[in-house]
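Participant: Sharing a model prediction with you, sequence too.
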Amino acid sequence: MKLNKRERAHPEVEKILLFCIQSKPNLKACVAFRVSPSSSSLIQFRVLLRAMRASWADLAANSAAAAENATSRPVYVPPHLRNRPPPAEAPAPASASNAGSRWGAPRNKEFRGRSSGGGSGGWDRPEVNPFGDEKEGADAEEAFNEQENTGINFDAYEDIPVETSGENVPPAVNTFAEIDLGEALNQNIRRCKYVRPTPVQRHAIPISLGGRDLMACAQTGSGKTAAFCFPIISGIMRGQPLQRPSRGVRAVYPLALVLSPTRELSIQIHEEARKFSYQTGVRVVVAYGGAPINQQVRDLERGVDILVATPGRLVDLLERSRVSLQMIRYLALDEADRMLDMGFEPQIRKIVEQMDMPPPGVRQTMLFSATFPKEIQRLASDFLSNYIFLAVGRVGSSTDLIVQRVEYVQESDKRSHLMDLLHAQRANGVQGKQALTLVFVETKKGADALEYWLCRNAFPATTIHGDRTQQERELALKSFKSGNTPILVATDVAARGLDIPHVAHVINFDLPNDIDDYVHRIGRTGRAGKKGLATAFFNDSNASLARSLADLMQEANQEIPDWLLRYASRSSFSSGRNRRSGGGRFGGRDFRREGSFSRGGSDYYSTGNNSGGYGASSGYAGGYGTGVTSAWD
DNA sequence: AAAAAAG
């Protein structure tokens, strides 16, 4: 079937595709055309109806159901007590000895398919199983997705050094069984096929369960999302019943807020968190820009415990008084260094400091990232109270799994060079599918142009960047993940956090200006303990990155071309902001441990974040030379 | 100088 229409996103095309979905249940894909943004020619592409069918059916069901019951919940009921018959007397307190477990995890029977008639809580419909246990007809695509997808390669995470600082750091655990997360959550952990906690989870979860604030640096792809989700979900389940404020009738009162820098990352965190909270009664809602706000408001009104959001949309919701942060007990910033850099900091300050969120010390705050420059650590300490700093990683650890290559390529040769790489990559295909290749470029225009050029040269490519509609962005990501379009051209919107299985190759077609961005970009491959390849095109315009790139590669035991070392030594005098200072033997360093000589000591300690305790560390800062880089500071 | 995040 061919759709000779102009644009995929055009409403008329939407209608036609929707018609196909509804009238041809067995139709899996169709071909459509759209006009290239950079020329007037038509680009042919396949539309995966199967994927769209699922999401649209969901959408339709949601809006229909939301319309029919828009009831609001008057009283807070702790999640583990929801969906039970109305109790004759007050439920037993958590400490009561009821059959060994104080969790009272609901049994499946009374849980599934129960439409809340008289319950005080109220789920409007059965919870969708996010694990998709009941499969309806596996096809080739699912086989591709499931292949090798047996969870995380935990062996890759043994013996990774860890640095913690702060007062009274709780000891790490070695198994999930040691942690009292509750039966429902444990079951979800099993469903996720997580056998053992990753290092960051081993350390971060006890710290968070202990009620402590946390600043955590851990390699890309090492399980940070679960590290902050588990304690939040567990803590909410454990929580005492609270009366939520009733003034401001329209507002909802989430108990936890998770912020992330891009919409797709928020979507991903939401999907993860929904898996972890399945059948725990903890409700997770996501809110982000570029999508209709009304649907998100309806989702919120159906009840929210954990709100995952991007900053802009959240500010919008706060200003409309649809959301109040008054009841926030947990605040998590993913990619925290990004969230606190120049572009985002004012918005984050507004959300965290100038709305009605409880202050540090009252709420619990967790910051996670793979990179944490010291300037950002200083900013971040405003949001924290007596926090523990955690760095997980060993020299070259995450990057051990990633083979890094740098090639000298003139600007004008980049395309033909890329084509060589892609041809080589074709041979590495799995089951007739080309291995996934993620190509980073510097600009949105450049992304469109490269996508067009690749398509014209018979490479199935798509692109994701901020000038595309949200629908196009999500479709591009979906098409890439499914292997249908095995080449994705991306700006930095895709640099952080996105977990895309089977990315075999990250190509830095244009290198970023900041080495931290490079770390995050290449971290899209080599995830969950699997190997990956990263290739960078370097030329004169990247000279300012040479030093930090060479240092990073050296730390990761990578082969460094001589010409790059020459660039590095040439640029060594330019004290660019790219140079990492004071790296350590491994991992990031707590900025509080940097010798107080450099900035008049009391600066740090006056915030009340810590009361001494670092006296013994004064010799530490001097022990490590300048210019030693680390992927995790 | 660019990207991202509200519409």
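Facilitator: Here it is on my side, so go on.
Participant: okay, now A:Ser165: neighbour count?
Facilitator: A:Ser165 has 20 neighbours, counted by other C-beta atoms under 10 Å. Bear in mind the C-beta positions are built from the backbone N, C-alpha and C, glycine included.
Participant: who in the stretch 251-400 of chain A is up against DNA strand B?
Facilitator: Taking C-beta under 7 Å from any atom of the strand as the contact definition, the stretch 251-400 of chain A meets DNA strand B at A:261-264, A:288-291, A:293, A:310-316, A:319, A:342-344, A:347.
Participant: what do you get if the cut-off is 10 Å, keeping everything else the same?
Facilitator: A:259-267, A:287-293, A:296, A:309-320, A:338-339, A:341-347, A:350 (C-beta under 10 Å from any atom of the strand).
Participant: Which of those residues fall in helices?
Facilitator: A:263-267, A:293, A:296, A:311-319, A:338-339, A:345-347, A:350 (DSSP state H).
Participant: Please indicate which of the residues you listed are buried?
Facilitator: A:263-267, A:296, A:311, A:313-318, A:338-339, A:347 (16 or more other C-beta atoms under 10 Å).
Participant: Verify the contact between A:Leu511 and A:Ser544 for me.
Facilitator: No: distance between A:Leu511 and A:Ser544: 9.8 Å, which falls outside the contact criterion (C-beta atoms under 8 Å).
Participant: Who has more neighbours out of these two?
Facilitator: A:Leu511 (23 against 18).
Participant: name the element the more buried one belongs to?
Facilitator: Assigned by DSSP states H and E, A:Leu511 belongs to neither a helix nor a strand.
Participant: and what of the one 5 residues further on?
Facilitator: When elements are assigned from DSSP H and E, A:Asp516 belongs to helix A:515-522.
Participant: need the next SSE after that helix, C-terminal direction.
Facilitator: Using DSSP H and E, the helix or strand that follows helix A:515-522 in sequence is strand A:532-538.
Participant: Pull the contacting residues for the residue of the stretch 401-550 of chain A found nearest DNA strand B.
Facilitator: When scored by C-beta to the nearest atom of the strand, the stretch 401-550 of chain A has A:Gly466 as its residue closest to DNA strand B, at 2.2 Å. The neighbours of A:Gly466, taking C-beta atoms under 8 Å, 6 or more residues apart in numbering as the test, are A:444, A:491, A:493.
Participant: Among the residues you listed, find me the one that's closest to A:Asn129.
Facilitator: Nearest to A:Asn129, judged by C-beta to C-beta, of the contacts of A:Gly466 is A:Val493 at 30.2 Å.
Participant: quick one: pLDDT of the closest one?
Facilitator: Looking at A:Val493, its pLDDT is 96.
Participant: Could you work out the end-to-end span of stretch A:209-221 for me?
Facilitator: 22 Å (C-alpha to C-alpha, to the nearest Å).
Participant: just the helices in the stretch 501-633 of chain A please.
Facilitator: A:515-522, A:546-555, A:562-570, A:602-605, A:618-623 (DSSP state H, counting those that start in this stretch).
Participant: Adding distance to DNA strand B, write the ones you listed out as JSON lines.
Facilitator: As requested, those are exported to JSON lines (distance: least, C-beta to the nearest atom of the strand, whole Å):
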{"stretch": "helix A:515-522", "distance to DNA strand B": "8"}
{"stretch": "helix A:546-555", "distance to DNA strand B": "14"}
{"stretch": "helix A:562-570", "distance to DNA strand B": "19"}
{"stretch": "helix A:602-605", "distance to DNA strand B": "26"}
{"stretch": "helix A:618-623", "distance to DNA strand B": "28"}
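Participant: How about A:Ile500, nearest residue that isn't a chain neighbour?
Facilitator: Closest residue in space to A:Ile500, ignoring its immediate chain neighbours: A:Lys481 at 5.7 Å, by C-beta to C-beta, 6 or more residues apart in numbering.
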